[in-house]
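[1] just the structure for this:
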Amino acid sequence: MSLNVLLLLIGWLFAVAIFFGFIILLRYLQHRERMELIKQGINPNLNRRQRRSRGILRAGLITMMVGLSLTIGLYPVAFLLPSAFTNTPFHLGPWLLPGLIPFGVGAALTISYYLEQSALPGTDEKEQKEQKENVIHLKERLPKERH
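    Predicted coordinates:
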């Protein structure tokens, strides 16, 4: 095995390790946040739907930006190929699909977030009222701290 292949494998392993480390860090921060909410007497399950919709928006934007970056990064491939393959306007071709597909998926997720927000008017006030009521009930159930 040549040195270049070895460096490439090490680079990929390093990137995968960073990716999994980031996932573990996010899970740890979510756990800490959940424990703090419970300590303060707030039910952490109340905002789950709102968090889920924010997560869809975040995932859509990230996927869309990755797709856009791949599309921009793959565009110069058209100038490296023989002219028989690139006789299309603006040098577009199938080599752009690895970027256009995630771009389309990300756009669909982002659009679905905004469609969901506009389809459910007035639920925020209802959720806030339920959250206040649940905080009161949870505080009543918590034992009084002794000083």
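[2] just the buried residues of stretch 87-103, please?
    91, 93, 95-96, 99-100, 102-103 (16 or more other CB atoms under 10 Å). (C-beta placed from N, C-alpha, C; glycine too.)
[3] show me which pair in the residues you listed is furthest apart.
    Largest separation among these by CB to CB: His91 and Pro102, giving 20.5 Å.
[4] surely Thr86 touches Gly93?
    Yes: the pair Thr86 / Gly93 is scored as a contact, 6.4 Å apart, by CB atoms under 8 Å.
[5] packing partners of whichever strand or helix holds Ile101?
    If you go by DSSP states H and E, Ile101 is part of helix 97-119. Applying 3 or more CB pairs under 8 Å, 6 or more residues apart in numbering; DSSP states H and E, one finds that helix 97-119 contacts helix 48-74.
[6] chain center to the helix it packs on: distance?
    5 Å (CA atoms, centre = their mean, to the nearest Å).
[7] same thing with stretch 102-117?
    Relative to its parent chain, stretch 102-117 has a centroid offset of 12 Å by CA atoms, centre = their mean.
[8] tell me what angle the longest helix belonging to the chain forms with helix 48-74.
    With secondary structure taken from DSSP state H, the chain has its longest helix at helix 3-39. Going by axes from the mean of the first three to the mean of the last three CA atoms, to 10 degrees, helix 3-39 is angled at 160 degrees with respect to helix 48-74.
[9] pLDDT on helix 3-39, on average?
    For helix 3-39, the mean pLDDT works out to 89.
[10] number the residues from 669 up from this point.
    New numbering, starting at 669: the last item is helix 671-707.
[11] now it: buried residues?
    By neighbour count with 16+ other CB under 10 Å, helix 671-707 contains the buried residues Leu705.
[12] over to stretch 734-744?
    Buried residues in stretch 734-744 (16+ other CB under 10 Å): 735-736, 738-739, 742-743.
[13] distance from the longest helix of the chain to the middle of the chain?
    Counting by CA atoms, centre = their mean, helix 671-707 comes out at 14 Å from the chain centroid.
[14] OK, contacts around the residue nearest the centre of the chain?
    The centroid of the chain falls nearest to Ala727 when counting by CA atoms, centre = their mean (2.8 Å). Counting by CB atoms under 8 Å, 6 or more residues apart in numbering, Ala727 touches 774, 777.
[15] all set now, cheers.
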